[in-house]
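> mind folding the following:
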Amino acid sequence: QQGLPYIKDQSALYPLHHKVQSSPDFTQYNTTLPSTQPGAEQHSRAQHSRAMPVDFNGTWEMEKSDNFEDYLKALNIDFATRKIACALAQTKVLIQEGDKMTIKTLSTFRNYELTFTIGVEMDEHTKGLDNRVVKALVNWEGDRLVCTQKGEKANRGWKHWIDDGKLYLELTCEDKVCIQVFKRKE
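All right, here's what the predicted structure looks like:
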């Protein structure tokens, strides 16, 4: 099978009673992400546009980042920029207003802001990262915010969720997966 390993139950990776200690081993799983399956269908806005199931509002500070450099390599980010980006601690500011959301990624090197409406495809210019234009679609999948980005790179996107008071971000590009963990700023 082709594509990135898919984990159906991530609770095994992030138990509620302890912090993530190391990068998860995704190679042990034999299934692939739904977006890579032949005939995978996009869900309609009506299926995913509903009252927000989770309150992401707030300012979140990075605690941990696993496999970020490999993710950046998959995006063809140059060596110097990768090294700088990996050394930075990011802050995320999430603003939720019904189906409209803004996610700000702040650091001393670069800032990036993304505003979108759940279930509405948009052109996203990733000028703060790899300077590409992708077709992005963000939907709720249960209590997770899931973005699919279509463009030059295969299997690209991200997921946000909250578990045990922590904000998780899973970034994917091709066969690379980066997991970042943030704590709410008091």
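
> give the contact list for the residue nearest the centre of the chain.
The C-alpha lying nearest the average C-alpha coordinate of the chain belongs to Trp158 (Cα atoms, centre = their mean; 2.5 Å). Going by Cβ atoms under 8 Å, 6 or more residues apart in numbering, Trp158 touches Val146, Cys147, Gln149, Leu169, Glu170, Leu171, Thr172. Bear in mind the C-beta positions are built from the backbone N, C-alpha and C, glycine included.

> hmm, the fifth one is touching Lys176, no?
No. With contact defined as Cβ atoms under 8 Å, Glu170 does not reach Lys176; the gap is 11.0 Å.

> ok, the two, which is more surrounded?
The neighbour comparison of Glu170 against Lys176 (other Cβ atoms under 10 Å) goes to Lys176, with 21 against 18.

> ok, the more buried one - contacts?
Contact analysis of Lys176 by Cβ under 8 Å, 6+ apart lists Asn67, Asp70, Tyr71, Lys73, Ala74.

> helices and strands of this protein: which one has the lowest mean pLDDT?
helix 45-48 (a mean of 41; mean pLDDT, DSSP states H and E).

> mind listing the helices for this structure?
Using DSSP state H, the helices of the chain run over 45-48, 68-74, 79-87.

> helices or strands next to the longest one in the packing?
If you count contacts as 3 or more Cβ pairs under 8 Å, 6 or more residues apart in numbering; DSSP states H and E, helix 79-87 packs onto helix 68-74.

> please apply the same query to the second one.
Counting contacts by 3+ Cβ pairs under 8 Å, 6+ apart, the secondary-structure elements packed against helix 68-74 are helix 79-87, strand 166-173, strand 176-184.

> follow-up on the earlier one: state the pLDDT value of the residue nearest to the centre of the chain.
If you check Trp158, the pLDDT there is 98.

> what of Leu129?
Looking at Leu129, the pLDDT reads 78.

> count of residues packed around it?
What Leu129 shows, counting by other Cβ under 10 Å, is a neighbour count of 16.

> same question for Lys159.
Neighbour tally, Lys159, other Cβ under 10 Å: 18.

> disregarding residues adjacent in the polypeptide, which is nearest to it?
Distances taken as Cβ to Cβ, 6 or more residues apart in numbering put Glu170 closest to Lys159, at 4.5 Å, once the chain neighbours are dropped.

> distance check, the one you found against Asn67.
For Glu170, the distance to Asn67 equals 10 Å [Cβ to Cβ, to the nearest Å].

> Lys185 too?
24 Å.

> and the two? Which one has more around it.
Using other Cβ under 10 Å, the more surrounded residue of Lys185 and Asn67 is Asn67, with 16 against 11.

> please list all residues in contact with the more buried one.
Listed by Cβ under 8 Å, 6+ apart, the contact set of Asn67 reads Ser23, Lys176, Val177, Cys178, Ile179.

> cheers, nothing more for now.
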